[in-house]
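1. got a predicted structure plus its sequence, pasted below:
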Amino acid sequence: MIRFLSSAILISCSAFSTLTSASDIEKALEGYKLGAGDVINISVYDEEDLSLEVRIGLSGQISYPLLGDVAVSGLSPKQLEDKLVSGLKGPYLIDPSVTVSIEEYRPFYVIGEVKKPGGYPFHPGLTVDKAISISGGFTERASKSSIFVVHDDGKSQSKRSENEDKEAVKLFDVIQPGDVITVEQSFF
């Protein structure tokens with residue numbers, strides 16, 4: 001009986017942590033803003049000539065049929081859908097149905113005291129510890145208590161350090177495409 005209860009508790013705890021992780025992922029991607037390097041798929045119902053897959057360039061724009069250059073950087077996929085619908089509606093189509101999906105996210109970067117620093121493909125649900133693992137793990141000289149994350153917007157920066165007043169970066173924090181994770185060197 002005790003084994004059964006222990007197993008039931010373990011299973012329910014792991015199920016709860018999975019639900020929490022999934023909701024964290026959804027929250028993180030809900031406000032996702034498109035940026036240079038993302039590959040998006042634009043689909044217009046019943047209009048194959050207006051449906052395309054394109055990588056967003058450094059200018060933050062894409063070239064779209066009938067509308068020319070369209071600024072997409074900083075927009076959510078839903079905002080881009082609305083922008084394309086308003087541009088196509090009227091002069092070109094009566095009631096366009098546009099869907100924008102992200103086919104490939106821009107990469108994230110890990111630098112500092114990891115075995116293989118560099119850029120890696122982003123996948124939804126990626127956390128700081130998984131990103132470090134993908135980059136080969138910590139080196140012998142890595143400080144596991146001093147990890148910075150600079151987000152792609154360039155404005156927000158957080159640090160994981162026991163002696164700092166800044167917001168702590170936990171190893172299980174979700175990262176975003178374009179983030180730069182820096183693992184500093186330990187003094188001991």
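-> Done, it's in.
2. give me the element residue 129 is part of.
-> Using DSSP states H and E, residue 129 sits within helix 128-134.
3. same question but for residue 73, I mixed them up
-> Using DSSP H and E, no helix or strand contains residue 73.
4. domain parsing for the protein?
-> Domain ranges of the chain: 1-30, 39-104, 108-185, per automatic domain parsing.
5. what's the helix holding residue 129 packed up against?
-> strand 108-112, strand 180-185 (3 or more CB pairs under 8 Å, 6 or more residues apart in numbering; DSSP states H and E). Bear in mind the C-beta positions are built from the backbone N, C-alpha and C, glycine included.
6. strand partners (parallel or antiparallel) of the longest strand along the chain?
-> What stands out as the longest strand in the chain, according to DSSP state E, is strand 142-150. Applying DSSP bridges, strand 142-150 is found paired with strand 157-160 (antiparallel), strand 180-185 (antiparallel).
7. any idea which of the ones you listed has the lowest pLDDT on average?
-> Of all these, the minimum mean pLDDT falls on strand 157-160 (a mean of 53).
8. tell me how far residue 135 lies from residue 114.
-> The gap separating residue 135 from residue 114 is 4 Å, by CB to CB, to the nearest Å.
9. hmm, back to that, report the buried residues of the helix holding residue 129.
-> Neighbour-count burial for helix 128-134 flags 128, 131-132, 134 (criterion: 16 or more other CB atoms under 10 Å).
10. with respect to residue 106, which of those is nearest?
-> residue 131 (14.0 Å; CB to CB).
11. how about that closest one, what does it touch?
-> 108, 110, 120, 175, 181 (CB atoms under 8 Å, 6 or more residues apart in numbering).
12. let's see that with 7 Å instead.
-> 108, 110, 175, 181 (CB atoms under 7 Å, 6 or more residues apart in numbering).
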